[in-house]
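Asker: dropping a prediction and its sequence here:
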Amino acid sequence: MLESVRDLLPIIAVIAFFQLLILRQPIPDLGGLLVGTLLVVIGLTLFIHGLKVGLFPIGESMAHDFARKGSLFWLLAFAFALGFGTTVAEPALIAVADEAAKVAATGGMIDKSEEAMQSYADGLRLTVALSVGLAIVIGVLRIIKGWPIQYVIVGGYIGVVIMTFFAPPEIIGIAYDSGGVTTSTITVPLVTALGVGLASSIQGRNPLTDGFGLIAFASLTPMIFVMGYGMIL
Amino acid sequence: MAYFSHFLTALVSTLRDVLPIAIILFGFQLVILRKRIPNLRQILIGFVFVLLGLAFFLEGLEQALFPLGKLMAEQLTAPDFMGIADGGSGGWSNYLWVYVFAFAIGFSTTIAEPSLIAVAIKANQVSGGAIGTWGLRIAVAIGVAVGISMGAYRIVTGTPLHYYIIAGYILVVIQTLFCPKSIVALAYDSGGVTTSTVTVPLVAALGLGLANNIPGRNPLLDGFGLIAFASLFPIMSVMGYAQLSEWRAQRDKRSRSETERN
């Protein structure tokens, strides 16, 4: 609880400083602000506790079980399902996809009708979810094979740069942003536990150098895929 | 009563986010792995904690911090406050407070970001305590802070986004060559985890406010890109942090062996 208070202190300080000293305005609804902050503190405390007793253990125990079972197919299927399933319904992604449809309609890439925009947004969401699923699959393969992460990531960077030259300029900003919004608060701990669990169950892998990196892929592939989506449509 | 029903909506929407994940996890566990989950009770309790925690967290943010933060972003980017009400753009220095705010809000929201806390806990465990949770979180937060201020500067000046990103990639690649190999994967990861529940809404409000109010900017085209900056710069700052700690450890070792010799 005390730790959560400390985590939130910077935000409160920033808001108070700018509101009172720079903008020189009173804080509206101080009572509501305090109640809200209390809720945030309680929420953060519960979440961190749940993380330690629930999400981390199940992520790791499943990673161990998959490693012992030895079926690459099912492990990769699980990796894909986890990436795809957690992304497709992600609220931040839904918001970005709707925004992107507006941009596309303004830029004349699609009709300005409600229907065309909705189908564009849905297509974009599926594209991003597919790309995150694929990212986790590649990341899990990397852990199993022990490829050094920097080669794969640099390859991805080159992909992003090449796509940037060919993609319509309107889509580039959204594509770059989509990399950051895909990984939600529940996905990150699970995927991290999965990676670290796998790396510690496979001989010759180091949990620190090999276990991390799944999130990095999940924020790189959407950029490439969204630009690709913008080029095709 | 209004509070309660509002909280219930938050709980339902969190449940909708958690449910697909739970189905995938338990589905694979039961159908493919066919093994009983060890400590099932404890894990289910953990899920309930996560669910309730997220619901409280989001509810509190939406009730208190987001409205105020968004209001402040609007006020700071209002033409009157920036001194561009008479139509002139006035050069980049008029926006000094915007950059300071971008830096401060980037730093402080990242410290509160739950997914970063999760990764920091894991990294601390895995490294046997060599990577401090606070050290990592502060390094990432500085990266995000610098990233968001650079992103704000880009919106103000209207320069193309991809120049910055490509230059950033080149820097990341060069740093990768020189930094301790054990940190590379974690550094790349920290780019993706930084921007989620707390950061995105506030930063998006800032970007939108800037793009709306600065003459010649189109909110649809120029408002984007802040998140991209916020996911790129932490990679650099975490690798920088690792280089710094390695350098310090070596210096300590050197001075210790010198004192032993004396």
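Answerer: Structure received.

Asker: on the three-state scheme, the residue nearest to A:V53 when sequence neighbours are not counted is what?
Answerer: Counting by CB to CB, 6 or more residues apart in numbering or on different chains, B:G46 is the residue found nearest to A:V53 once chain neighbours are left out, at 3.9 Å. Every residue, glycine included, has its C-beta placed from N, CA and C. Going by DSSP: H, G, I helix; E, B strand; the rest coil, the secondary structure assigned to B:G46 is helix.

Asker: burial measure for B:G46, as a count.
Answerer: By other CB atoms under 10 Å in any protein chain shown, the residues close to B:G46 number 21.

Asker: tell me the contacts of it?
Answerer: Taking CB atoms under 8 Å, 6 or more residues apart in numbering or on different chains as the definition of contact, the neighbours of B:G46 are A:H49, A:G50, A:L51, A:K52, A:V53, A:G54, A:L55, A:P57, A:I58.

Asker: okay, and the first one sits in which element?
Answerer: With elements delineated by DSSP states H and E, A:H49 resides in helix A:30-50, which encompasses its position.

Asker: who does that helix touch, helix- and strand-wise?
Answerer: Secondary-structure packing of helix A:30-50 (3 or more CB pairs under 8 Å, 6 or more residues apart in numbering or on different chains; DSSP states H and E): helix A:2-17, helix B:40-60, helix B:114-126.

Asker: what about the longest one, distance to the chain center?
Answerer: Using CA atoms, centre = their mean, to the nearest Å, we find the averaged C-alpha position of helix B:40-60 to lie 22 Å away from the chain's own average C-alpha position.

Asker: any idea which helix is longest in the chain?
Answerer: Since you didn't name a chain, this refers to chain A. Determined from DSSP state H, the single longest helix within chain A is helix A:114-145.

Asker: try chain B instead
Answerer: Taking DSSP H as the assignment, the helix of chain B that covers the most residues is helix B:226-261.

Asker: pull out the buried positions in it.
Answerer: Of the residues in helix B:226-261, B:226-242, B:245 count as buried by neighbour count, 16 or more other CB atoms under 10 Å in any protein chain shown.

Asker: if we check chain A, which of those are in contact?
Answerer: With CB under 8 Å from any CB of the partner chain as the criterion, the members of the buried residues of helix B:226-261 in contact with chain A are B:L226, B:I227, B:A228, B:A230, B:S231.

Asker: dump the residues you listed into a markdown table; add pLDDT and distance to A:G146 as well.
Answerer: Output for those, formatted as a markdown table (pLDDT from 0 to 100; distance: CB to CB, whole Å):
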| residue | pLDDT | distance to A:G146 |
| --- | --- | --- |
| B:L226 | 87 | 36 |
| B:I227 | 86 | 32 |
| B:A228 | 87 | 30 |
| B:A230 | 89 | 31 |
| B:S231 | 88 | 26 |
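
Asker: out of these, which one sits closest to A:L9?
Answerer: Ranked by distance to A:L9 (CB to CB), these are led by B:A230 at 20.8 Å.
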